[in-house]
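K.L.:
Here is a sequence together with a model predicted from it:
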Amino acid sequence: MQQPRPLGGPDIGRHLLREEGEVIVDEVRHHWAAYTVPVLEGLLAVAVLAWVPVIHIDLAGFALVLAIGLAMHAGWGALREHRDRFVITNMRVFRLHGVLTTKMATMPLHRILDITVVRPLHGRIFGFGHFCFESAAQEQGLRDIRYVGRPVQRDLAIQRVVQRSGLRGPRVG
């Protein structure tokens with residue numbers, strides 16, 4: 001059964017190899033911390049907009065244009081983060097990202113040599129980290145996956161899928 005696509009999110013289902021038995025193990029959306037810059041920009045836009053009625057009329061036009069520009073930039077940043085998805089399936093990992101142009105990077109499970117989980121101090125406090133994939137042939141779209149919520153559990157999920165597929169060691173049922 002296919003899950004409904006979130007409003008404005010990418011269509012993950014159409015990239016699956018369903019005829020080959022590919023199923024989603026985990027779909028990773030950005031942690032809320034990835035939205036802090038767009039939210040702060042949006043709040044700044046609201047503050048500048050609230051400032052417009054009380055400033056000199058000669059500066060009001062500039063302040064209005066600045067507020068609109070900040071709001072549009074904040075919206076674009078939030079949409080960019082919302083449309084960035086990292087997907088773990090039983091056969092591969094892939095990433096879909098982009099707003100106007102959707103980019104897709106994919107890596108079969110057998111090509112994953114190592115996963116480094118980076119958890120900076122603020123990431124440990126707020127529950128996110130970053131993945132750094134090492135593979136036989138570095139694919140730029142999948143090298144760094146940032147703002148992954150519950151990174152340790154997701155790393156274990158990838159390791160479990162690799163182990164169950166029999167790519168490393170005996171196959172686990």
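P.N.:
Received it, and whenever you're ready, just let me know what you need.
K.L.:
List the contacts of R143.
P.N.:
C132, F133 (C-beta atoms under 8 Å, 6 or more residues apart in numbering). (Each C-beta comes from the backbone N, C-alpha and C, glycine too.)
K.L.:
how does it look with 6 Å?
P.N.:
R143 makes contact with F133 under the criterion C-beta atoms under 6 Å, 6 or more residues apart in numbering.
K.L.:
Phi, psi for it please.
P.N.:
phi -70, psi -50 (degrees, to the nearest 10).
K.L.:
just the one 10 residues further on next, same as before
P.N.:
Geometry field for Q153 lists phi and psi as phi -60, psi -40, criterion degrees, to the nearest 10.
K.L.:
swap in G127?
P.N.:
phi 90, psi 40.
K.L.:
lowest confidence element among the helices and strands of this protein?
P.N.:
Across the helices and strands of the chain, mean pLDDT, DSSP states H and E gives its lowest value to helix 140-143, namely a mean of 73.
K.L.:
C-terminal to that helix, what's the next element?
P.N.:
Tracing the chain past helix 140-143, the next element assigned as helix or strand by DSSP states H and E is strand 144-149.
K.L.:
helix, strand or coil for A78?
P.N.:
At A78, secondary structure determined by DSSP: H, G, I helix; E, B strand; the rest coil is helix.
K.L.:
How about it: what's its closest non-neighbour residue?
P.N.:
In space, and not counting its chain neighbours, A78 is closest to P38: 4.1 Å by C-beta to C-beta, 6 or more residues apart in numbering.
K.L.:
same check, this time on L66
P.N.:
L66's closest residue in space is V48 (C-beta to C-beta, 6+ apart), at 5.5 Å.
K.L.:
can you check R92 too?
P.N.:
Among residues not flanking R92 along the chain, P108 sits closest, at 4.8 Å (C-beta to C-beta, 6+ apart).
K.L.:
Could you do L16 as well?
P.N.:
Per C-beta to C-beta, 6+ apart, closest to L16 is E22, 4.9 Å.
K.L.:
how much space between the one you found and S165?
P.N.:
Distance from E22 to S165, counting by C-beta to C-beta, to the nearest Å: 12 Å.
K.L.:
What's the local residue count around the residue nearest to R92?
P.N.:
13 (other C-beta atoms under 10 Å).
K.L.:
try V23
P.N.:
Here the count is done by other C-beta under 10 Å, and V23 has 10 residues near it.
K.L.:
Outside of stretch 118-127 itself, list whatever touches it.
P.N.:
A33, G129, H130.
K.L.:
was I right about the second one contacting V117?
P.N.:
It stands for G129. Yes: between G129 and V117 there is a contact under C-beta atoms under 6 Å: 5.3 Å.
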